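Return atomic coordinates for the entry below.
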Amino acid sequence: MELGILRLLSKQLDPLTGKLSNTNGAAKVVYLAPLRALVQEKYKDWQSRYSALGVNCVELTGDSDMELHVLDAADIICTTPEKFDSATRKLNEGGGARFFGEIGLVLIDEVMWAAVAPAQVHLLGEPGRGAALEAGVVSRIKMVSRWSTMQHLPIASVRFLAVSATIPNIADIAVWLGAPIPEGLRVYGEEMRPCKLTTVVRSYADSKNDFLFEGRLNQHVAPLIMEFSGQKPTLVFCA
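Predicted coordinates:
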């Protein structure tokens, strides 16, 4: 994702000075993540990292409301699908969503999102977040990018970059996003890990409700970590 950001910014370099020229309002990056905490983490990281280059990074979540002039001046917008969808619809209803045409890069973090037990469900198919991402953001950006009135703006050649650690049908998602096949796909397996993982799968007893399930996990997971972790960092995935 950061390579994608740098690629976009490199198009705005002054050939004489090698510095960014007029980044504000040129081509914007929209970073989408399902969790507010993840959005805030990326905002703080990228704001501190790119501010020295004159890049303006803003956070748009449930905790924040942006005036139009702030979004107009932003180069990187870190947000959740729901917030971006609702904010842009409100601005559009007020006749002031012109920054939408300046979107040149859309970064989608965690395309797959564990939503319903016991099966993992695509964020794209999940009723709440999935609808906001699929219809409210991606499909709307793709639709606007095809408008004849937008052909002179960055959105006409918008690029989508989506990542996930668990999604199986990447080719389907790539086709939907309009990525070139196969050169637009990158798949990294266990062989790419600098630190190899040991995987352990254990079952658990079903519960009548979520409250009992959470309580049972508290009793079930800790002994498993003690047994298999070897005093090393542990990742626990529960449906």
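
List the neighbouring strands of the host helix or strand of Gly104 plus their orientation.
Using DSSP states H and E, Gly104 sits within strand 103-109. If you go by DSSP bridges, strand 103-109 pairs up with strand 28-32 (parallel), strand 159-163 (parallel).

Which of the ones you listed sits closest to Asn209?
strand 28-32 (32.0 Å; Cβ to Cβ). C-betas here are computed from N, CA, C, even on glycine.

what's next to that closest one, contact-wise?
1, 4-5, 8, 39, 42, 46, 74-81, 84, 99, 102-109, 133, 137, 154 (Cβ atoms under 8 Å, 6 or more residues apart in numbering).

export that strand as CSV, just CAs?
Taking Å, rounded to 0.1, in the frame of the first residue of the first chain, the C-alpha atoms of strand 28-32 are listed here in CSV:
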residue,chain,number,x,y,z
LYS,A,28,-6.0,11.8,-3.5
VAL,A,29,-5.5,8.5,-1.7
VAL,A,30,-8.4,6.9,0.2
TYR,A,31,-7.5,4.2,2.8
LEU,A,32,-10.4,2.0,3.9
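
Of all the residues in it, which ones are buried?
28-32 (16 or more other Cβ atoms under 10 Å).

next one: stretch 35-42
36, 38-40, 42.

so how far is Ala205 from Asn218?
Counting by Cβ to Cβ, to the nearest Å, the gap from Asn218 to Ala205 is 13 Å.

ugh, wrong one, Ile170
For Ile170 relative to Ala205 (Cβ to Cβ), the value is 34 Å.

and those two? which has more neighbours close in?
Between Ile170 and Ala205, Ile170 has the larger neighbour count (other Cβ atoms under 10 Å), namely 17 against 8.

so the more buried one makes contact with Tyr188?
No - in this structure Ile170 lies outside contact range of Tyr188 using Cβ atoms under 8 Å: 11.1 Å.

Dump the strands paired with strand 103-109 to JSON lines, plus distance to Thr17 and mean pLDDT.
Putting the strands paired with strand 103-109 into JSON lines (distance: least, Cβ to Cβ, whole Å; pLDDT from 0 to 100) gives the following:
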{"stretch": "strand 28-32", "distance to Thr17": "22", "mean pLDDT": "93"}
{"stretch": "strand 159-163", "distance to Thr17": "26", "mean pLDDT": "91"}
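
Any chance of TSV for those strands, columns distance to Pro223?
Converted to TSV, these look like this (distance: least, Cβ to Cβ, whole Å):
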stretch	distance to Pro223
strand 28-32	38
strand 159-163	33
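
To Glu67, which of those lies closest?
The closest of these to Glu67 is strand 28-32. By Cβ to Cβ, the value is 15.7 Å.

Contacts for the helix or strand following the closest one, please.
Moving toward the C-terminus from strand 28-32, the next helix or strand (DSSP H and E) is helix 36-50. Helix 36-50 has contacts (Cβ under 8 Å, 6+ apart) with 5, 31, 33, 55, 57-59, 61-63, 75-76, 78-80, 109-110.
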